[in-house]
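A.B. asks: next input, structure requested:
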Amino acid sequence: MRTPVRVLNLGVQIWAVFAATASGVFGQQVSFSLQVFPVFEKAGCPNCHNPNGVASATRLHFPDEDAPKPRIEAFGRSLVDLVDRNAPDGSLLLLKPTNRVPHGGGVRIARNSPEEATLKAWIAYLTTLSGSELAGALKYKQEEAAGRGVAPTAVLRRLTHSQYNNTVHDLLHEASSPAGQFPLEDFVNGFKDQYEALSISPIQGEAYALAAERLAANAFRRGDSRGLLACKPDAADSTCGARFVQSFGLRAFRRPLTVHEMARYGALFSTQKDVIKGAQLVIEAMLQSPNFLFWLDETPNPQWKPYATASRLSYFLWNTMPDDALLNSAAHGELSTPDGLERVARRMLADPKARQGLDEFVSEWLRFDRVTTAARERRMFPLFSRELATAMTEEAKRFIGDLVWNDRDFTEAFTANHSFINSDLAAVYKVSPPARDFDRVEFPLKEDRAGLLGQALFLTLTSKPEGTAPTGRGLFVREQFLCQHVPPPPPGVDTNLPPVEESRPMTNRDRMALHATNKMCAGCHSLIDPIGFAFEKFDAIGMYHDKAQLLFMPVVQDAVKARSAKPREVYLDVDTTGVITGLKDARFTNPREIGELLAHTAECQECMVKQVFRYMAGRLETPADRPALHRAFEDFRNSHFRFKEMLVSLVMGREVSPAGKDFHVARNYQTQ
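C.D. replies: Numbering: from 1, shown residues only. So this is what the prediction gives:
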């Protein structure tokens, strides 16, 4: 039915009034950043509408928190892209935040409020843009996509605990793991290698000193069986000390020593008449030096730049120090050309040490620590043990390793109907144990297990000691597999749900209906809880049940009888349907459908690239990194999602030639 002309004219007249208001309010004297942006901030829009927010799939991305005023002003004008210039009332910029059309975040700006009036006035102003002003407004998004600014870099990055253990193993052939005695590491941005968290506390410094002393004392316990010395300890060789300092120092500092360093450590060696004791003293001193504890990420010294590249490659791909071949590549300029760099990266990926590098990334990305430190009510989950938790981590490493090293489509990480298990896990999965530990086993189709989402690791680390946690499971999917940050609950909000009483059992979906009625909770929980509901047929150790299993422990006064008392089991029908708000066609009825959805969603595919980049760079991505990330994603996709090709692309994008051009070589991918 056609809209009467008089009504249409009335609408134009109304918006003309707003336009007149806008011309006065949003002219030269008052800016978008002062008048309109605070409205969006108060509504919480930037929390979700950003490259790593739960609304990252939409066209609306707010500027970074530290964006300068001119950038915010440019963003404000770019919103013309969300304005219907012929019918301003139908603009998405108005309809979405007021929830006139379905909005994942619900009502963010109340209708007929002063905030809505401010927004309408800005929309009216945007309808007046034309010519060069309109072209300039639309240029903002082009500039954002192209990347801007300079990516932050760290000159030095401290060894993580796993890097420390691997490095002393390769440097000294040390079998122990001394970093196991160091203070615990923190996860920042999802990983333990983020340089903003890698300072050295006094306690950490003391731990390094004790470790250096023990490692040096142990280095020659059986003579020089480890081949550390370049001369025989009993030989009267006046150059022995200098040769040892030079060769060991090159490997320990991952670069050639300076003249002053050679003199200083040579003098230290010479304080001991015994060659072994002199070498031990040098080892102990070098292992406490910042040049050992921190590896070069960047350097202004042109002679050391190839060695910084070697360290970046080795700690990214191997999680340990460069080997002799890599140091030789640095010395002979092989890392300074695109062809040479790619050749070296592929050689490193073919080395067995690349498997330990991948395992470390997987252990941090999938948060193995949450499983290895998990606790379960023994009477409710009698199968759970430290051995089972360790098997869960091994299963995930074998599963991902099979995809990577056999050049399979990495999206199968979310869709595969198989895994690699031992007899302990077979009991959880209710399948026959494999002939050999961690052989491949197919899952029963009726359980709808799918890739990582169907494995006991994910289902256990996202649960609580006494039962499942839909919020935790949904949050993990958002953060680890979609790279979407969900804001924490407001201070003072009680996050505890009412306990389930045996006289009135209810499902988690019923219990968590409280989130939907509480305005302070609904905004975020509506984005994560519906994802977690899909896994409610899997208990807190990943075991499948046709119905939701509730376990009620009997109250027994006698301590001996209490230990042997068995819980009463109650089973309830569950609704496993849900939706991943913000993604297109994202409704599902079971975990397998979630896996298929993630596997074929660009946001998930791009998240894999982001996660590896964060691990590689030791920081979050910035606008300056967008071109490199985009190229890595394109290479990943064009290779049919072969993980190694993505690694090589990220390496090539990270290194910069003297001319300032990215090392990026178009490659022809051969698919199996």
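A.B. asks: the strands in the stretch 51-200 of the chain, which residues?
C.D. replies: Along the stretch 51-200 of the chain, counting by DSSP state E, counting those that start in this stretch, strands occupy 156-158.
A.B. asks: all the strands of the protein, residue numbers only.
C.D. replies: 156-158, 294-296, 418-421, 439-442, 548-552, 568-572, 578-579, 587-588 (DSSP state E).
A.B. asks: quick one: contacts of the fifth one?
C.D. replies: Put plainly, it is strand 548-552. Here strand 548-552 makes contact (C-beta atoms under 8 Å, 6 or more residues apart in numbering) with 377, 380, 466-467, 500, 502, 505, 507-508, 536-537, 539, 567-574. From N, CA and C alone the C-beta is placed, and that goes for glycine too.
A.B. asks: buried stuff in it?
C.D. replies: Buried positions in strand 548-552, judged by neighbour count with 16 or more other C-beta atoms under 10 Å: Ala548, Gln549, Leu550, Leu551.
A.B. asks: dump the strands of the chain to JSON lines, plus mean pLDDT.
C.D. replies: Shown next, in JSON lines, are the strands of the chain (pLDDT from 0 to 100):
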{"stretch": "strand 156-158", "mean pLDDT": "94"}
{"stretch": "strand 294-296", "mean pLDDT": "95"}
{"stretch": "strand 418-421", "mean pLDDT": "98"}
{"stretch": "strand 439-442", "mean pLDDT": "97"}
{"stretch": "strand 548-552", "mean pLDDT": "80"}
{"stretch": "strand 568-572", "mean pLDDT": "85"}
{"stretch": "strand 578-579", "mean pLDDT": "92"}
{"stretch": "strand 587-588", "mean pLDDT": "94"}
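A.B. asks: and Ile123, which of those is closest to it?
C.D. replies: Proximity to Ile123 (C-beta to C-beta) singles out strand 578-579 among the strands of the chain, at 29.2 Å.
A.B. asks: what's the closest one in contact with?
C.D. replies: Pro530, Ile531, Phe533, Ala534, Ala586, Arg587, Phe588.
A.B. asks: thought the last one was touching Leu597?
C.D. replies: Which is Phe588. Yes - with contact defined as C-beta atoms under 8 Å, Phe588 reaches Leu597; the gap is 6.2 Å.
A.B. asks: what residue spans form the domains of this protein?
C.D. replies: Domain assignment for the chain by automatic domain parsing gives 5-146, 156-318, 367-489+500-599.
A.B. asks: quick one: neighbours of Val36, just the number.
C.D. replies: By the criterion of other C-beta atoms under 10 Å, Val36 has 23 neighbours.
A.B. asks: skipping its backbone neighbours, what lies nearest it in space?
C.D. replies: Trp122 (4.8 Å; C-beta to C-beta, 6 or more residues apart in numbering).
A.B. asks: ok so, going back, can you redo the domains of the chain as TSV with distance to Leu327?
C.D. replies: Formatted as TSV, the domains of the chain follow (distance: least, C-beta to C-beta, whole Å):
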stretch	distance to Leu327
domain 5-146	37
domain 156-318	6
domain 367-489+500-599	25
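A.B. asks: between those, which one is nearest to Phe636?
C.D. replies: Nearest of these (C-beta to C-beta): domain 367-489+500-599, 7.9 Å.
A.B. asks: what's the span of that closest one, first residue to last?
C.D. replies: End-to-end distance of domain 367-489+500-599 (C-alpha to C-alpha, to the nearest Å): 20 Å.
A.B. asks: start at 7 instead
C.D. replies: Will do, 7 is the new start, and the previous item becomes domain 373-495+506-605.
A.B. asks: next one: that domain to chain centre, how far?
C.D. replies: The chain centre lies 20 Å from the centre of domain 373-495+506-605; the measure is C-alpha atoms, centre = their mean, to the nearest Å.
A.B. asks: report how many residues lie close to the residue nearest to Val42.
C.D. replies: 25.
A.B. asks: pLDDT score for it?
C.D. replies: As predicted, Trp128 sits at a pLDDT of 93.
A.B. asks: what of Lys75?
C.D. replies: Value listed for Lys75 in the pLDDT field: 91.
A.B. asks: now it. Nearest residue, chain neighbours left out?
C.D. replies: Ser39 (5.2 Å).
A.B. asks: how far away is that neighbour from Pro57?
C.D. replies: Computed as C-beta to C-beta, to the nearest Å, the Ser39 to Pro57 distance reads 20 Å.
A.B. asks: related to what we said a few turns ago, report the set of residues contacting both of Phe594 and Leu603.
C.D. replies: Both Phe594 and Leu603 are in contact with Ile586, where contact means C-beta under 8 Å, 6+ apart.
A.B. asks: rewinding a little: just give me the closest of the buried residues of strand 554-558 to Glu139.
C.D. replies: Among these, Ala554 lies closest to Glu139 (C-beta to C-beta), at 58.1 Å.
A.B. asks: hey, what's the closest one bridged with?
C.D. replies: Beta-bridge partners for Ala554, by DSSP bridges, are Leu578.
A.B. asks: how about the helices of the stretch 257-406 of the chain, start to end?
C.D. replies: For the stretch 257-406 of the chain, the helices defined by DSSP state H, counting those that start in this stretch occupy 265-276, 281-292, 296-299, 311-323, 330-337, 344-355, 359-371, 375-378, 392-411.
A.B. asks: contacts for the longest one next, please.
C.D. replies: What it means is helix 392-411. 361, 364-365, 368-369, 372, 374, 377-378, 380, 414-416, 418-419, 422, 425-428, 430-431, 434, 444, 446, 457-458, 461-463, 466, 547-548, 649-650.
A.B. asks: how long is stretch 447-454 end to end?
C.D. replies: Length of stretch 447-454, first residue to last, C-alpha to C-alpha: 15 Å.
A.B. asks: what's the neighbour count on Pro497?
C.D. replies: 5.
A.B. asks: for the one 10 residues further on, same thing?
C.D. replies: Counted with other C-beta under 10 Å, the burial measure for Glu507 works out to 9 neighbours.
A.B. asks: likewise for Ala608?
C.D. replies: Ala608 has 12 neighbouring residues, counting by other C-beta under 10 Å.
A.B. asks: ok so, going back, list only buried entries from the contacts of helix 392-411.
C.D. replies: 364-365, 368-369, 372, 374, 377, 380, 414-416, 418-419, 422, 425-428, 430-431, 434, 444, 457-458, 461-463, 466, 547-548, 649-650.
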